[in-house]
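K.L.:
I'd like to go over a predicted model; first the sequence, then the structure.
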Amino acid sequence: MTTKIYGQSDDLIEFRGDIDDEIGAYKAKGKGILLSDGTVLECTYPKAPGLGVWGFKVLRAGSLFDRIEECNDQNAEIYSDIVYFKDGLDEHWEILPDRMREVLDLLANHSIEELTAISPHEKLMQCMYDYE
């Protein structure tokens, strides 16, 4: 199933599709999202001063990124840029605005799989303890 990401109200970022979730983002300015395909998004509300529209910018496109449909109409049903992804997203992580550069640098030197893999210590602990 494809996934779309967009802003809602003045404080939520919605995920609909393979990922069905929402995150709080009141007065978002430079809020970052890392997705499981390696895409990094920067989110802003409002998109421009005096315009009640959510803005999304792709800082790094991952393997499942499809496109962004831009919005500049605060009276639209979905008053937000909408980010579309192909089938297969399964996770997302919020990035602190002042750590965005660090995340992008890590992704330049490591695959998303390396950065999100279970460490050897965690694998060992799973062999020793029943977490269920």
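P.N.:
Now that the structure is in, tell me what you want to look at. Please read these numbers as outputs of a predicted model, since none were measured by experiment. Numbering: from 1, shown residues only.

K.L.:
for this structure, which segments count as helices?
P.N.:
In the chain, the helices defined using DSSP state H lie at 100-109, 112-116, 120-128.

K.L.:
hmm, who's touching the longest one?
P.N.:
Surrounding helix 100-109, the residues in contact under the criterion C-beta atoms under 8 Å, 6 or more residues apart in numbering are 30, 32, 34, 38, 40, 42, 59-60, 95, 115. Quick note: C-beta positions are derived from backbone N, CA and C, even for glycine.

K.L.:
got the phi and psi for residue 78?
P.N.:
Dihedral angles phi and psi of residue 78 (degrees, to the nearest 10) take the values phi -110, psi 100.

K.L.:
isn't it up against residue 6?
P.N.:
Yes: under the criterion of C-beta atoms under 8 Å, residue 78 lies in contact with residue 6, with a separation of 5.5 Å.

K.L.:
in terms of packing, which of those two has more residues around it?
P.N.:
Here residue 78 and residue 6 are compared on neighbour count by other C-beta atoms under 10 Å; more neighbours surround residue 6, at 22 against 16.

K.L.:
what's the closest non-adjacent residue to the more buried one?
P.N.:
Ranked by C-beta to C-beta, 6 or more residues apart in numbering and with sequence neighbours excluded, the top spatial neighbour of residue 6 is residue 80, at 4.1 Å.

K.L.:
please apply the same query to residue 63.
P.N.:
Leaving aside its sequence neighbours, residue 63 is closest to residue 37 (4.7 Å, by C-beta to C-beta, 6+ apart).

K.L.:
please enumerate residues in contact with the helix or strand of the chain with the lowest mean pLDDT?
P.N.:
Taking mean pLDDT, DSSP states H and E as the measure, the chain has helix 120-128 as its least confident helix or strand, at a mean of 79. Defining contact as C-beta under 8 Å, 6+ apart, one finds that helix 120-128 is touched by residue 118.

K.L.:
so which bits of that helix are buried?
P.N.:
Under the neighbour-count criterion of 16 or more other C-beta atoms under 10 Å, helix 120-128 has nothing buried.
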